[in-house]
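J.: sequence-free structure coming up:
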């Protein structure tokens, strides 16, 4: 008993240290995102741009990178957090907005709005993306519950993969005959943070804040839910209400992110697993670390994409796919798709 208590105290002491390290890494990566790009910039130009100056090309370059960096931080936080919530709610190690088709569902609704209804306002895109993400999440959960036995991680992943493939085909069918929107739609579907502006970030910020606040509210209750539905109900928790709030939080986060960045996969899968190795399964810590590490991962992918393809750049969605696909295979082999 004493050994278990000392081990628990040791973990508690390590978490603040790990939090400090992750925040320091986030600050370093944020600076790298501002400093690294097609054009080399000096310290003087970086400081000048941060003070609002645009007297040189270097200062102008830094000024353009600032909203891109902010968007990468917000999007990474949202995707990492939504993935952790989905995995906790479903107790499924393969749950992720990309694998379950939620991102593609959001993208499908946006493309349909763009092609069939002539919608071209980002604020409307956000609502369409959130609606598409929510409907797709419900549909995948319903499909995985059909047949013999309860919904399992494997059935969940297969239902999500099938739904994602079908919606991707529908997107191609919608975009293909429309040459006027094909270029912008195909570029957006790859997923990236290039071309970000503070005005566009401001439009999705209320949805992201709402998702973050809901995740804070539900974090402790997810720990109770992890004990099992019967035990959670016995402790006085409304299981259906907890799941509904958690799903709403995840849908708001990934839907708003997809609207402004396009569908970016695997961040919500990779990050929560790394964070569990770091801080354990307590959702009060796991959700915080998933948001911060998600931001670090997306910033790293964005900076790496600029370095690899200089003087051009590689989209964030491509880089995360290179990282996430092997990790997905490793998780399947290691966990054998058991429940968390």
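T.: Received, thanks. Note that this is a predicted model, so its numbers are computed, not measured.
J.: who are the contact partners of residue 98?
T.: 104, 164, 263-269, 324 (CB atoms under 8 Å, 6 or more residues apart in numbering). All C-beta spots, glycine's among them, are computed from the backbone N, C-alpha and C.
J.: packing partners of the helix or strand where residue 243 lies?
T.: Using DSSP states H and E, residue 243 sits within helix 239-261. The helices and strands touching helix 239-261, judged by 3 or more CB pairs under 8 Å, 6 or more residues apart in numbering; DSSP states H and E, are helix 57-90, helix 102-116, helix 122-145, helix 198-225, helix 229-234.
J.: make TSV out of those and add distance to residue 35 and mean neighbour count.
T.: Conversion of those to TSV gives the following (distance: least, CB to CB, whole Å; neighbours: other CB atoms under 10 Å):
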stretch	distance to residue 35	mean neighbour count
helix 57-90	8	25
helix 102-116	30	25
helix 122-145	28	21
helix 198-225	19	18
helix 229-234	48	13
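J.: pipe those helices into TSV and attach mean pLDDT per row.
T.: Converted to TSV, the helices and strands packed on helix 239-261 look like this (pLDDT from 0 to 100):
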stretch	mean pLDDT
helix 57-90	91
helix 102-116	89
helix 122-145	87
helix 198-225	92
helix 229-234	82
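J.: what's the closest of these to residue 168?
T.: Nearest to residue 168, of all the helices and strands packed on helix 239-261, is helix 102-116, at 5.8 Å by CB to CB.
J.: next, the angle helix 57-90 makes with that closest one.
T.: Relative orientation of helix 102-116 and helix 57-90, computed by axes from the mean of the first three to the mean of the last three CA atoms, to 10 degrees: 120 degrees.
J.: so which of the helices and strands packed on helix 239-261 is nearest residue 183?
T.: Using CB to CB, the nearest of the helices and strands packed on helix 239-261 to residue 183 is helix 102-116, at 12.1 Å.
J.: just checking, what packs against that closest one?
T.: helix 122-145, helix 153-175, helix 179-190, helix 239-261.
J.: tell me which strands and helices the shortest one is in contact with?
T.: Packing contacts for helix 179-190, counted by 3+ CB pairs under 8 Å, 6+ apart, involve helix 102-116, helix 153-175.
J.: how about JSON lines for these, with distance to residue 205 added?
T.: Converted to JSON lines, these look like this (distance: least, CB to CB, whole Å):
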{"stretch": "helix 102-116", "distance to residue 205": "17"}
{"stretch": "helix 153-175", "distance to residue 205": "27"}
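J.: sorry, back to before: between the contacts of residue 98, which sits nearest residue 136?
T.: Nearest to residue 136, judged by CB to CB, of the contacts of residue 98 is residue 104 at 7.3 Å.
J.: the closest one and residue 250, how far apart?
T.: Taking CB to CB, to the nearest Å as the measure, residue 104 and residue 250 are separated by 15 Å.
J.: same check on residue 284?
T.: 17 Å.
J.: likewise residue 79?
T.: Distance from residue 79 to residue 250, by CB to CB: 10 Å.
J.: in helices only, show me the contacts of residue 98.
T.: Applying DSSP state H to the contacts of residue 98, the entries found in helices are 104, 164, 267-269, 324.
J.: if we can go back for a sec, between the contacts of residue 98, which sits nearest residue 300?
T.: Out of the contacts of residue 98, the member with the shortest distance to residue 300 (by CB to CB) is residue 267, at 10.8 Å.
J.: now do the closest one, the pLDDT please.
T.: Note on residue 267: pLDDT of 91.
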